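# The sequence and its predicted three-dimensional model are supplied below.
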Amino acid sequence: VNYWLAMRPRRFLFVHPEPELRAIIVHELRSAMSWTIEDCGTHRTSIAPYLADSVFITVPSKQRTLRAVLPSDAELIALEARPVDQVLRGYLPISAKLLIAVASGWRGFLEIARTVLTAAGCDAEFLLLRDTNANGWDRGLETASVVICDAVTAQLIPNRWRTIVFPLVSDASIARLKSFERFYCD
């Protein structure tokens, strides 16, 4: 019995090659889950220490790559992204001449935000895109009407600035992970 109890998962492991995205996802999940949330890259040697007691999670585009390095009996869950309209619905339509800043340490967040905001009618000249990995990334943000950012970057933004925090993980994915926790804890 002790052997089988030891085989039960005790943590979620988010696996992805980009450390900036891992930091955001882990931050979001830690605030929602009771299990330990850890992360690592996609190399077999990074994953090996977690094989015995983890539920592996990743994004849909990395699911096949990760499945190839995991044992066939390892639990793998692909997270769903939060629909953009859920977060921005209350802010649309957006004035084309409104100065909007977008800040994140994950380059993908900046690219997606630029695409979505431009499609929503924002003038590209009125978008400030800031990579928090660069020196002086916050220069000029105080002139923006709003700063759109991820959950990790939100901690770096002064409270006096208006922010819209865009969570990446969908409510459905959080609910699925919580049901997994309940299943193994009961």
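Sure, I can see it. Numbering: from 1, shown residues only.

# Once you drop chain neighbours, what's closest to the spatially most central residue of the chain?
Note on the chain: the residue nearest the mean C-alpha position is Ile25, at 3.3 Å, using CA atoms, centre = their mean. By the measure of CB to CB, 6 or more residues apart in numbering, the closest residue to Ile25 outside its immediate chain neighbours is Phe14, 5.0 Å from it. C-betas here are computed from N, CA, C, even on glycine.

# Just the pLDDT at the one you found, thanks.
In this model, Phe14 is scored at 98, pLDDT.

# So which residues make contact with whatever helix or strand the residue nearest to the centre of the chain lives in?
Under the criterion of DSSP states H and E, Ile25 resides in helix 19-32. Around helix 19-32, the neighbours that count as contacts under CB atoms under 8 Å, 6 or more residues apart in numbering are 12, 14, 16, 37-41, 59, 79, 104-109, 133, 150-152, 167-169, 174, 177-178.

# ditto for stretch 170-177
The set of residues external to stretch 170-177 that reach it, using CB under 8 Å, 6+ apart, is 12, 29, 32-33, 55, 57, 77, 79-83.

# In ChimeraX, how would I select just the buried ones from those residues?
Typed into ChimeraX, the line below selects the buried ones among the contacts of stretch 170-177, using 16 or more other CB atoms under 10 Å:
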select :12,29,33,55,57,77,79,80,82
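
# possible to save the contacts of stretch 170-177 as a markdown table with secondary structure?
Output for the contacts of stretch 170-177, formatted as a markdown table (DSSP: H, G, I helix; E, B strand; the rest coil):
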| residue | secondary structure |
| --- | --- |
| Phe12 | strand |
| Leu29 | helix |
| Ala32 | helix |
| Met33 | coil |
| Val55 | strand |
| Ile57 | strand |
| Ile77 | strand |
| Leu79 | coil |
| Glu80 | coil |
| Ala81 | strand |
| Arg82 | coil |
| Pro83 | coil |
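
# Among the contacts of stretch 170-177, which pair sits farthest apart?
Using CB to CB, these reach their maximum pairwise distance at Val55 and Pro83, which is 24.1 Å.

# ok so, going back, pull out the buried members of the contacts of helix 19-32.
Neighbour counting with 16+ other CB under 10 Å marks 12, 14, 16, 37-40, 59, 79, 104-106, 109, 150-152, 167-169, 174, 177 as buried within the contacts of helix 19-32.
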